[in-house]
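1. What follows is a predicted protein model with its sequence.
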2 protein chains.
Amino acid sequence: MRKISLIGLGLIGSSMARDIKAIYPDDHLIAYDSNPEVRARVQELGLVDLMTDRLEEALKAGDIVILCIPPSEIVTHADKIARALKPGAILSDVSSVKRSVIEAISAHLPESVHFVPAHPVSGTENSGPDAGHRDLFRDRWCIITPVDRTCPEKVATIRTLWEDLGSEVEQMTPEHHDIVLAVTSHIPHLIAYTIVGTANDLESVTRSEVIKYSAGGFRDFTRIAASDPTMWRDIFLNNKDAVLEVLQRFSEDLTALQRAIRWGDGATLFDLFTRTRAIRRSVIAAHQDTELDNFGRDQLSDPQPKSKP
Amino acid sequence: MRKISLIGLGLIGSSMARDIKAIYPDDHLIAYDSNPEVRARVQELGLVDLMTDRLEEALKAGDIVILCIPPSEIVTHADKIARALKPGAILSDVSSVKRSVIEAISAHLPESVHFVPAHPVSGTENSGPDAGHRDLFRDRWCIITPVDRTCPEKVATIRTLWEDLGSEVEQMTPEHHDIVLAVTSHIPHLIAYTIVGTANDLESVTRSEVIKYSAGGFRDFTRIAASDPTMWRDIFLNNKDAVLEVLQRFSEDLTALQRAIRWGDGATLFDLFTRTRAIRRSVIAAHQDTELDNFGRDQLSDPQPKSKP
């Protein structure tokens, strides 16, 4: 009987648990979480075979151990994690930053343990075991970033796991992963957090006005800016170089548009706005978003009936 | 028989036409559009009672005339528009910028015509008469920005129109409108256009990678960045002061976060990320967005079946 250990049962860990229970009924699924409320809830929901409050127990047991905790926790506890694993085990993770996590783990990992870093590019703005659900990873991409000593056979095991969860798997270097994700995920989150903060802090516009008129575009940013604060603090702190590099480019581009607005240079604005339209079409063609207006949000029946806005 | 003229049958004009035809079957609905393809399509769809290619005819006929064309077109043709209206008519608009439109129109408007500037805070990323649909304005806000000489009775007529279209109506000054919309709509659009452009221009990450891994956050921005280029060029050129003011604040806030990342100041990041979460909850509580994960986009059946991402 294969034993799979999930460390951390938040949005990602609990979604994996739901899928794994359904897809691999013969596997033994073990979980650890440091938060007693999360542990209680996971047991209530019956998501795993064994829920433990002892990290070492979960680490020792797994033939496959998957770290679903924030990057800083991995970095801080890398020594403890690496040493608790059993010989022959596969260690993997789901972190949105790869280089710093790999450096921390690799410094302590015994030769007998196989590390296959992975990152499912999927999620929602919500967190905790109740936010997880089946098929979160279906039709999404999972990136595996093998390191020099990673055995191809173990890479194949993790690849198969993610394919069984419905994802398409791609391989790249940790360094390339970190810059790709800085662009496609980290900087978008950073600027969403920023504009929501800026709007909240303006003296000339009340918070109530910001909320009332948010359908003009602002509301889209509030979704991403509702993402887990601990996770995102850790992502920025652990992908500093790539984030600062892309942020510099973004700031330059924004300054160029600011100048175009100040000088009334409509052609520069129009050219960019035409180019960006094509990217949206490509995202939809690649099945990475719905083609419905407004993400289709208006076509969903609202859970709460309303007569007035 | 009351005559309503819509000038411009794009997303907003054609949505209004659909609602007005259904809500006021006794009114006579006249429309003008400068684009022959739009005119043909509007006639095919049977959206109005009379579609004309002569601007003056539509302007002259209306008891209520509503300008649904980009701000720069209003500004450019203000003289022609103002002089064509019949005595006693109400002129309104739907522009996302108010001060510059009001200045342009007011310079030419005869005493006998009543100007009631309005702005429905609603829309989608798509444009043209096929993008419009019924109930686009339902449960959204419409802002009316009366000017000194606006007669309260005519304000009431426009207010009633928008209420009949399902909107809640609020009044404020044009200046305040322009700063509120700079925050809730214009700057969000500007930074979405910017990041989509930045991502597209990076040498280190391919365009195909940006698209594949866009589910990490980037795809949200591509929706807004697919908005009509002409309309948005005009909005930025015609709301320069307010946009530059809010942009300055945004840039300062972003620089502060950049510094926090560079110096590893996790507390600053965590504090902001916690505050922004509360704003999302308020937006949902105010019924301005769905509370479903990921805007509920994953719960919609995809119009195109897919097995692979």
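-> Perfect, I can see it now.

2. So for stretch A:161-172, first residue to last residue, what's the gap.
-> Distance between the two ends of stretch A:161-172: 18 Å, counting by CA to CA, to the nearest Å.

3. now check the host helix or strand of A:Ile284, is it near chain B?
-> Using DSSP states H and E, A:Ile284 sits in helix A:266-285. Yes: applying CB under 8 Å from any CB of the partner chain, one finds helix A:266-285 touching chain B at A:266, A:269-270, A:272-277, A:279-283. Quick note: C-beta positions are derived from backbone N, CA and C, even for glycine.

4. how is chain A carved up into domains?
-> Following automatic domain parsing, one finds the domains of chain A at A:3-172, A:176-299.

5. Throw those domains into a markdown table and include distance to B:Ala78, thanks.
-> A markdown table is the format used below for those (distance: least, CB to CB, whole Å):
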| stretch | distance to B:Ala78 |
| --- | --- |
| domain A:3-172 | 44 |
| domain A:176-299 | 18 |
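
6. With mean neighbour count and mean pLDDT as added columns, please give these in TSV.
-> Formatted as TSV, the domains of chain A follow (neighbours: other CB atoms under 10 Å in any protein chain shown; pLDDT from 0 to 100):
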stretch	mean neighbour count	mean pLDDT
domain A:3-172	20	97
domain A:176-299	21	95
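
7. Look up how far A:Ala107 lies from A:Leu9.
-> Noted for A:Leu9: a distance of 26 Å to A:Ala107, by CB to CB, to the nearest Å.

8. for A:Lys21, same thing?
-> 34 Å.

9. and what of A:Trp232?
-> 25 Å.

10. do A:Arg138 as well
-> Distance from A:Arg138 to A:Ala107, by CB to CB: 35 Å.

11. quick check: angle from the longest helix along chain A to helix A:266-285?
-> The longest helix of chain A (DSSP state H) is helix A:240-262. Relative orientation of helix A:240-262 versus helix A:266-285 (axes from the mean of the first three to the mean of the last three CA atoms, to 10 degrees): 130 degrees.

12. Which strands and helices lie in contact with helix A:240-262?
-> With contacts taken as 3 or more CB pairs under 8 Å, 6 or more residues apart in numbering or on different chains; DSSP states H and E, helix A:240-262 sits against helix A:174-181, helix A:187-201, helix A:266-285, helix B:187-201, helix B:240-262.

13. I'd like those as CSV, with distance to B:Ala89 appended.
-> What follows is the helices and strands packed on helix A:240-262, written out as CSV (distance: least, CB to CB, whole Å):
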stretch, distance to B:Ala89
helix A:174-181, 56
helix A:187-201, 38
helix A:266-285, 31
helix B:187-201, 32
helix B:240-262, 30
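
14. Could you point out which of the ones you listed sits nearest A:Ile224?
-> Across the helices and strands packed on helix A:240-262, A:Ile224 has its closest neighbour in helix A:187-201 (4.0 Å, CB to CB).

15. what element comes up after that closest one heading to the C-terminus?
-> helix A:207-212.

16. if we can go back for a sec, could you check the helices and strands packed on helix A:240-262 and tell me which one is nearest A:Asn126?
-> The nearest among the helices and strands packed on helix A:240-262, by CB to CB, is helix A:187-201 at 14.4 Å.

17. now the angle between helix B:187-201 and the helix holding A:Ile284, please.
-> Using the same axes, to 10 degrees: helix A:266-285 against helix B:187-201 is 70 degrees.

18. which helices and strands sit right next to helix A:266-285?
-> helix A:240-262, helix B:187-201, helix B:207-212, helix B:218-224, helix B:229-238.

19. Just the residues contacting the helix or strand that A:Ala156 is a member of, thanks.
-> Using DSSP H and E, A:Ala156 maps to helix A:152-164. Contact with helix A:152-164 is made by A:23-24, A:64, A:90, A:92, A:114, A:116, A:118, A:120, A:137, A:142, A:144, A:146, A:169, A:171, as judged by CB atoms under 8 Å, 6 or more residues apart in numbering or on different chains.

20. Filter those residues down to the ones in helices?
-> Going by DSSP H, the helices hold A:Ile23 from those.

21. just checking, which of the contacts of helix A:152-164 belong to strands?
-> A:Ile64, A:Ile90, A:Ser92, A:His114, A:Val116, A:Ala118, A:Pro120, A:Cys142, A:Ile144, A:Val169, A:Gln171 (DSSP state E).

22. Take the residues you listed and lay them out in TSV including distance to chain B.
-> Supplementary listing: the ones in strands among the contacts of helix A:152-164 in TSV, determined by distance: CB to the nearest CB, whole Å:
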residue	distance to chain B
A:Ile64	24
A:Ile90	24
A:Ser92	19
A:His114	25
A:Val116	19
A:Ala118	14
A:Pro120	10
A:Cys142	10
A:Ile144	13
A:Val169	10
A:Gln171	13
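
23. Show me which pair in those is furthest apart.
-> Longest span within those, CB to CB: A:His114 and A:Pro120, 19.0 Å.
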